[in-house]
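S.K.: My questions concern the predicted model and sequence given below.
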Amino acid sequence: MKYLQDIRAAHADPERLENLYRAALRENAGDEWKSDLLACLAESPDNILYAAWRYRLQAAETEQPESRGVNWKLAIPLGLVAGIVFAVLSSSLFDLPRHTPLLLFAWAPVGACFIVAFLTLQTTSRQYSKRAGAVIGGLIAIGIYVILVVALANREPYEILMALHLPLLALTGAGISLVGWKSNAQERFAFLLKAIEVGVTGGVYVIVGGMFAGITLGLFAALNIKLPNDLVRMVVAAGGGVICVLAVATVYDPRVAPLAQRFEQGLGKLVPTMMRLLLPLTLIVLVVYLFVIPFNFMQPFRNRDILIVYNVMLFAVMGLLIGATPLQEHDLPKYHGALRAGILAVASLTVVISLYALSATVYRTAMGGFTLNRVAVIGWNVINIGILVLLIYKQVKHGAAAWIGSLHSAFSAGTMGYVVWALFLTLATPWLFR
């Protein structure tokens, strides 16, 4: 809050506010100045000067920066260090009960720490550095907490949940380090889009690395040489650590905020295009499935595996809707009507099917009692259904004129629900279900 008082004092003085901004830029503190300005705007929403500055800063962020190469001199050494740490943590010497690799719970928080460090080392913003330090400390603390619970309590259901939820918390930490707690809906949505692009890029690296590893093992097998399993595990883990850093370095420019990243090239263009093409196919599948449900109505009430499929489907649909949503008003303007209709239709049908699945989960809970897995599933179902209902409500309320902003707002609210529920499952459930 370094500039807060000065900005308040210049609430009606455009020249003084401009000078304050230029001074902040000279100190490489533009992000901190913007945060303080938005805080003043929140205090005085009727101040026209503050509102004009908000739009000016948003327009500046959306201007595409000049193309710049990846900082491989930092990314490669840091990736190699991450790989070494991953390899050490994957060793059987550190296995947890039931021979569970320690890396299963450590990779997400540790990988996120290296990613945050990579981004932080390329900025001079003191505010960003402070956030990054807090995030790294929080991720390390959560990772240690989970590992201690797993090692001492020896609860298998909790282990499975944490293997799925720690990556979500790690992603949350990276998001906080980049956009902060006071970010707006569009900034958070831009981060989600870039996170999807990073995930796809990491998947490409994994495929290429897997092919190389397969060929290498095949060559050794041809000579009747069998590499020790522990060595193979450590090498694969090291590759994962390297990929964590390189995937981010490949597609993310630390110079600019998430909203100003390039989304119109490479995977940044391919991913949303694929998601939008999948919308009509998903809609067809959902319609057909709704007609089939009456003929197999009791299956989810009896079969636990079917409920797992439903929950996977629900998360997949959420990812599809996020990926298909435009970031800016000028993205595909000719297809806004069709895209909005497709998103609304998929969201509406998903709500119906998800309520059906939720009723089956509640029924099984009423018959068999509360368990850790059932509580987790019910919570995630309620949150995802809530997001979809909020999405539909905002679309109906605000109409086609503000449909993109309404989607951003719904997804932004959903991220808070995700974080709160993931933290509850991580911190509280070991003591509620023993």
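M.R.: Arrived safely, thanks for sending. The shown structure was predicted, so the numbers you read here are calculated from the model rather than taken from an experiment.
S.K.: nearest spatial neighbour of V351, skipping sequence neighbours?
M.R.: L388 (4.9 Å; Cβ to Cβ, 6 or more residues apart in numbering). Yep, even glycine has a C-beta here, placed from its N, CA and C like the rest.
S.K.: what about the one you found, how many residues close to it?
M.R.: As a burial measure, L388 scores 23 neighbours (other Cβ atoms under 10 Å).
S.K.: residue boundaries of the helices in the stretch 51-200 of the chain?
M.R.: Ranges of helices within the stretch 51-200 of the chain are 72-90, 103-120, 126-153, 156-179, 185-222, based on DSSP state H, counting those that start in this stretch.
S.K.: OK, contacts around the spatially most central residue of the chain?
M.R.: The centre of the chain sits closest to L171, judged by Cα atoms, centre = their mean, with a distance of 4.7 Å. Contact partners of L171, counting by Cβ atoms under 8 Å, 6 or more residues apart in numbering, are A112, A195.
S.K.: before we move on, back to that, my guess is the residue nearest to V351 contacts I353, does it?
M.R.: No. Using Cβ atoms under 8 Å, L388 is not in contact with I353; the gap is 10.6 Å.
S.K.: so what does the helix or strand encompassing L279 touch, helix or strand wise?
M.R.: Using DSSP states H and E, L279 sits in helix 266-292. Here helix 266-292 touches helix 185-222, helix 229-251, helix 304-324, helix 336-368, going by 3 or more Cβ pairs under 8 Å, 6 or more residues apart in numbering; DSSP states H and E.
S.K.: Just tell me which of these ends up closest to V146.
M.R.: Taking Cβ to Cβ, helix 229-251 is the member of the helices and strands packed on helix 266-292 nearest to V146, at 18.1 Å.
S.K.: If you count contacts, what does the closest one end up packed against?
M.R.: The helices and strands touching helix 229-251, judged by 3+ Cβ pairs under 8 Å, 6+ apart, are helix 72-90, helix 103-120, helix 185-222, helix 266-292.
S.K.: Let's see the pLDDT reported for the residue nearest to the centre of the chain.
M.R.: Looking at L171, its pLDDT is 94.
S.K.: Would you mind stating the distance between it and S183?
M.R.: Using Cβ to Cβ, to the nearest Å, one gets 15 Å for the distance from L171 to S183.
S.K.: Is the residue nearest to D6 when sequence neighbours are not counted in a helix, a strand, or coil?
M.R.: Spatial nearest neighbour of D6, chain neighbours left out: L20 (5.4 Å); criterion: Cβ to Cβ, 6+ apart. Of the three states, L20 takes helix under DSSP: H, G, I helix; E, B strand; the rest coil.
S.K.: Verify the stated contact: L20 with Q5.
M.R.: No. Contact between L20 and Q5 fails when scored by Cβ under 8 Å: they sit 10.6 Å apart.
S.K.: who has more neighbours, the two?
M.R.: L20 (19 against 11).
S.K.: which residues does the more buried one contact?
M.R.: Counting by Cβ under 8 Å, 6+ apart, L20 makes contact with Y3, D6, I7, A10, W33.
S.K.: Would you mind measuring from the second one to L57?
M.R.: Same thing as D6. Going from D6 to L57 by Cβ to Cβ gives 16 Å.
S.K.: what does V204 give?
M.R.: Going from V204 to L57 by Cβ to Cβ gives 34 Å.
S.K.: which of the two has more neighbours?
M.R.: When V204 and L57 are compared for neighbours, L57 comes out ahead with 18 against 13, by other Cβ under 10 Å.
S.K.: Which residue comes closest to L166 once chain neighbours are left out?
M.R.: Closest to L166 by Cβ to Cβ, 6+ apart is A108, at 4.3 Å.
S.K.: Per the annotation, how does the chain divide into domains?
M.R.: Listed domain ranges for the chain are 4-62, 72-259, 263-432 (source: automatic domain parsing).
S.K.: Deepest-packed of those domains, please.
M.R.: domain 72-259 (a mean of 18; mean count of other Cβ atoms under 10 Å).
S.K.: Tell me the gap between it and the middle of its chain.
M.R.: 13 Å (Cα atoms, centre = their mean, to the nearest Å).
S.K.: Ends of it, what's the gap?
M.R.: Chord length of domain 72-259, first to last residue, is 23 Å (Cα to Cα, to the nearest Å).
S.K.: same question, stretch 149-162
M.R.: For stretch 149-162, the end-to-end distance is 11 Å (Cα to Cα).
S.K.: Contacts for it next, please.
M.R.: Against stretch 149-162 from outside (Cβ under 8 Å, 6+ apart): 96-98, 100, 104-105, 146, 371-373, 376, 425-426, 429-430, 433-434.
S.K.: do you know how far the residue nearest to V351 is from L327?
M.R.: As for L388, its distance to L327 is 20 Å (criterion: Cβ to Cβ).
S.K.: Ok, R131 next?
M.R.: 23 Å.
S.K.: And A345, by the same measure?
M.R.: Relative to L327, A345 is positioned 21 Å away (Cβ to Cβ).
S.K.: ok, now V256?
M.R.: When distance is defined by Cβ to Cβ, V256 is 14 Å away from L327.
S.K.: And for D31?
M.R.: 19 Å.
S.K.: Low-confidence bits of the stretch 201-350 of the chain, can you list those?
M.R.: For the stretch 201-350 of the chain, applying pLDDT under 70 flags the ranges 264-266.
S.K.: what about 90?
M.R.: Low-confidence segments of the stretch 201-350 of the chain, defined by pLDDT under 90: 210, 212-232, 251-274, 289-314, 327-336.
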